[in-house]
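Undergrad: Quick one: sequence plus predicted model below, questions after.
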Amino acid sequence: MSAQVFGRLMKSPSQDFVTELFQTAFTCGKNPVPLTVQEKCAEMMELPRPEVGELFEEIQKLIQTVLFESVSTKEGLVGLIPEGTPEKLTKLVVGVVSQNLQKWREQSAGNELSLPALKEFDWRIDIKTASDKVSRMSAPTALVQMKVEEVATRADELAPLRVVDFEVSKDTLGVMLDGMGKILEQLNSVTSN
């Protein structure tokens, strides 16, 4: 990391703007910050766009290092700031990172999952009054709707939400609940240890 590149933060119009730069860099992850965002920031900082692009890269490296190495103390953060960075700027950067660190850790942990996540669950009981088979008439079934958040494929877009609807009979539901009960028992035994 370069003190010269970090020094460009001194051209920021406000501390809130620095916070926004760091949040944008985090949101983009390992992907480059979009050129339109870089151009807007360059205009506000009165810097050439390529220099702002380098600054975003340095900010992303710092955030990734802090998250990967689990740095949690202010002293640890100061140790990651390049030597030669003005003290006032070092304090500002450490403050911004400290303020957002917990939120970034939680978001990063959530992003590590490679499987879809259940967001909503709804159900209702349905009794069929017409069927091509007499044995299926008047048999209650459960109609289940689950809203599942898929894994986002790009850092600059929200994860898509998929709706899954299915019908389940009383017998199938019994088997499913038995399996869920076993999962719950295993989770409880792991968390109690």
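TA: Received it, and whenever you're ready, just let me know what you need.

Undergrad: drop to CA atoms for contacts and neighbour counts, all remaining ones
TA: Will do.

Undergrad: what about the helix or strand in which Arg124 is found, average pLDDT?
TA: Using DSSP states H and E, the secondary-structure element containing Arg124 is strand 117-127. Taken as a whole, strand 117-127 has an average pLDDT of 89.

Undergrad: Likewise for stretch 165-173?
TA: Mean predicted lDDT for stretch 165-173 stands at 91.

Undergrad: How about residues contacting it?
TA: Pro140, Thr141, Ala142, Leu143, Val144, Gln145, Met146 (Cα atoms under 8 Å, 6 or more residues apart in numbering).

Undergrad: at 10 Å instead, please
TA: Around stretch 165-173, the neighbours that count as contacts under Cα atoms under 10 Å, 6 or more residues apart in numbering are 122-126, 139-147, 174, 176-179.

Undergrad: related to what we said a few turns ago, okay, now the sheet partners of the strand holding Arg124, with direction.
TA: The partner list of strand 117-127 in its sheet, established with DSSP bridges, is strand 140-149 (antiparallel).

Undergrad: Phi first, then psi, for Glu83.
TA: Taking degrees, to the nearest 10, you get phi -60, psi 140 for the backbone angles of Glu83.

Undergrad: what's around it, how many residues?
TA: Residue neighbour count, defined by other Cα atoms under 10 Å, stands at 14 for Glu83.

Undergrad: just Val93 next, same as before
TA: Other residues lying near Val93 total 22 when counted by other Cα under 10 Å.

Undergrad: thought Pro48 was touching Gln38?
TA: Yes - in terms of Cα atoms under 10 Å, Pro48 counts as a neighbour of Gln38; the distance is 9.4 Å.
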